[in-house]
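Q: Coordinates for the following, if possible.
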Amino acid sequence: MPLYSYKGYDSKSGANVKGRIDSDSERNARQTLRQRNKIIVAEIKEEKTSASSGGRKPGWNLSFLEQGVSIEELSNMVRQFATLQGAHVPLDESLKALSNQVENETLRNVLSSVKDSVSEGKSLADSSAAFPKVFNRLYVNMVKAGESSGNLSTVLERLSGFLEYQVAVKGKIVQALVYPSVMIVASLGVVVFLLVVIVPKLTKVFTSMRVEIPWYTKALIGFSTFLQNYWYIPIFAFVAAIYFGNRWLETPAGRKKFDNMLIKAPVIGPVFMMLGVSRFTKTLATLLASGVPIIAALDITKNVVNNIILAEVLEQAKIEVQEGNSLAACISKSGVFPSLVTHMIATGEKTGELTTMLSHVAKSYDAEVERKISKMISLIEPIMMIFLMIIAVTVIVAMVLPMMNIMKQIR
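A: Below is the predicted model of the structure:
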């Protein structure tokens, strides 16, 4: 829903007033201000904030990573919100304090609008739901459950802990991807330098000395010449591969195939599977502990795992649980989730401690993911060093052998 800023006069006192209001049109905003707030509007305009414009784009975004507001900023805001509510500060005053101290302009505008909406009598959940790019369904449903139960501060504490968990997961993924990416770029830089700078200089020597060169040296020189004359072709191919790859991933069939390959891939597959399981169990445990019904919790959780294969299992589980079946039986039947997960869920359902069991599974898989990522990073450096050595030795052998023939001719 668009956000409008306005300036005008109080019809009773004549005092100057200004503020923000969310409405589906400028005309309705004027009518609301005139009829409900008794304000004569002198100036009104729509605010162009990224938080008030439409839905979510498909991709690799984690559940709270939205345009204009990072997961870290949202996590800090919710932690402060929980602290204020825990200290029994009135809701509108808490929102006002938050809007005054957050640094992100988008989040500041959104919180100010939410505060105005709450002051008009709307619930915090409904007010937040107007900004789906900042507050997604998980946030809205948890807040709604907290308001219904009268335990908003407790729910915000849980939500803050979950957001901090999301920040930690994001950090693990970045940690796993940044180092190998840097090593690959450095390796490619070294290879290009050898082929574009070193090989042409040695080629001139071979040509001037009219030395006979072997086939592998000719192949290397040919590749070097290609890079010098048609350097734009590999760059164009790389950009095109990224563009069409992203287009393919945006299709349901492409994303499903990619996700299936990802969780079945050697080495990295188990890590991504564990991340998905960890997100599933942590999210579901947080929602259930906050009082969100299990059907709604499963519907929200399927969008958090970021894997279509797992999401389809959870969608089917939601349907079967709605029909009266157990969650563990539904998940076990799919054959996708590890047996440990289904066993722990089954135990939790039997004992009435499902939330506790899900939390235990999440902690266990978090620790395993961290261990595997550390192991992978420790293996990357020697693997990349071996790769660089192979490239360097290949170039050296291809270029040094003709040089040795030159030396023989001179002798």
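Q: mind giving me the domain split of this protein?
A: 3-48, 71-164, 172-411 (automatic domain parsing).
Q: Report the separation between Lys38 and Ile44.
A: Taking C-beta to C-beta, to the nearest Å as the measure, Lys38 falls 16 Å from Ile44. From N, CA and C alone the C-beta is placed, and that goes for glycine too.
Q: picking up where we left off before, could the domains of the chain be laid out in a markdown table, adding mean pLDDT and mean neighbour count?
A: Supplementary listing: the domains of the chain in a markdown table, determined by pLDDT from 0 to 100; neighbours: other C-beta atoms under 10 Å:
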| stretch | mean pLDDT | mean neighbour count |
| --- | --- | --- |
| domain 3-48 | 72 | 15 |
| domain 71-164 | 86 | 19 |
| domain 172-411 | 83 | 16 |
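Q: Please list all residues in contact with Val143.
A: 124-125, 128, 135, 152, 155-156, 159 (C-beta atoms under 8 Å, 6 or more residues apart in numbering).
Q: Roughly how far does Ser149 sit from Val292?
A: Ser149 is 10 Å from Val292, by C-beta to C-beta.
Q: Quick check: next helix or strand after whichever strand or helix holds Tyr179?
A: Per DSSP states H and E: Tyr179 is located in helix 152-193. Once the chain leaves helix 152-193, the next helix or strand it forms, by DSSP H and E, is helix 199-209.
Q: got a list of contacts for the helix or strand that that next one is followed by?
A: Using DSSP H and E, the helix or strand that follows helix 199-209 towards the C-terminus is helix 215-229. Helix 215-229 is contacted by residues 192, 195-196, 199-200, 203, 206, 213, 234, 394-395, 397-399, 401-402 when judged by C-beta under 8 Å, 6+ apart.
Q: Mind doing that once more with 6 Å?
A: For helix 215-229, contacts defined as C-beta atoms under 6 Å, 6 or more residues apart in numbering pick out 195-196, 199, 203, 398, 402.
Q: Let me know the closest of these to Leu249.
A: Distance to Leu249, by C-beta to C-beta, is smallest for Leu195 among the contacts of helix 215-229, at 31.7 Å.
Q: mind checking the longest helix of this protein?
A: helix 354-410 (DSSP state H).
Q: quick one, what contacts the residue lying closest to Leu310 once chain neighbours are set aside?
A: Excluding the flanking residues, the one nearest Leu310 by C-beta to C-beta, 6 or more residues apart in numbering is Gly276, at 4.9 Å. Contact analysis of Gly276 by C-beta under 6 Å, 6+ apart lists 305, 307, 310.
Q: With secondary structure and distance to Phe280 added, can I get these in CSV?
A: CSV is the format used below for the contacts of Gly276 (DSSP: H, G, I helix; E, B strand; the rest coil; distance: C-beta to C-beta, whole Å):
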residue, secondary structure, distance to Phe280
Val305, coil, 5
Asn307, coil, 9
Leu310, helix, 7
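Q: Can you tell me which of the residues you listed is nearest Leu74?
A: Using C-beta to C-beta, Val305 comes nearest to Leu74 of those, at 19.3 Å.
Q: wait, doesn't that closest one sit right on Ser278?
A: No - contact between Val305 and Ser278 fails when scored by C-beta atoms under 6 Å: they sit 9.3 Å apart.
Q: Now name the helix or strand holding Glu46.
A: Using DSSP H and E, Glu46 maps to strand 39-47.
Q: hmm, back to that, any chance of a markdown table for the contacts of Val143, columns distance to Thr225?
A: A markdown table is the format used below for those (distance: C-beta to C-beta, whole Å):
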| residue | distance to Thr225 |
| --- | --- |
| Leu124 | 67 |
| Ala125 | 65 |
| Ser128 | 61 |
| Phe135 | 57 |
| Leu152 | 69 |
| Val155 | 66 |
| Leu156 | 64 |
| Leu159 | 60 |
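Q: just curious, which of those residues is nearest to Phe238?
A: Distance to Phe238, by C-beta to C-beta, is smallest for Phe135 among the contacts of Val143, at 37.4 Å.
Q: Can you tell me what sits against stretch 310-320?
A: Residues from elsewhere that reach stretch 310-320 (C-beta under 6 Å, 6+ apart): 276, 295, 298-299, 301-302, 305, 327, 330-331, 334, 336.
Q: Apologies, that question was intended for stretch 396-409.
A: Here stretch 396-409 makes contact (C-beta under 6 Å, 6+ apart) with 202, 206, 209, 211, 213, 216-217, 220.
Q: Next, give me the two most distant ones among those.
A: For the contacts of stretch 396-409, the maximum inter-member distance is 18.6 Å, found between Met209 and Tyr216 (C-beta to C-beta).
Q: still on that earlier bit, so what secondary structure elements neighbour the strand holding Glu46?
A: Packed against strand 39-47 by the contact rule (3 or more C-beta pairs under 6 Å, 6 or more residues apart in numbering; DSSP states H and E) you find strand 3-10, helix 26-35.
Q: Against which helices or strands is the last one packed?
A: The reference is to helix 26-35. The helices and strands touching helix 26-35, judged by 3+ C-beta pairs under 6 Å, 6+ apart, are strand 39-47.
Q: Return the alpha-carbon coordinates of the strand it packs on using CSV.
A: Extracted C-alpha coordinates of strand 39-47, given in CSV (Å, rounded to 0.1, in the frame of the first residue of the first chain):
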residue,chain,number,x,y,z
ILE,A,39,-7.5,17.5,9.1
ILE,A,40,-7.7,20.0,6.2
VAL,A,41,-5.0,18.8,3.8
ALA,A,42,-3.0,21.6,2.1
GLU,A,43,-0.3,19.4,0.5
ILE,A,44,-0.1,15.6,0.0
LYS,A,45,2.4,13.5,-2.0
GLU,A,46,3.3,9.8,-2.3
GLU,A,47,6.7,8.8,-0.8
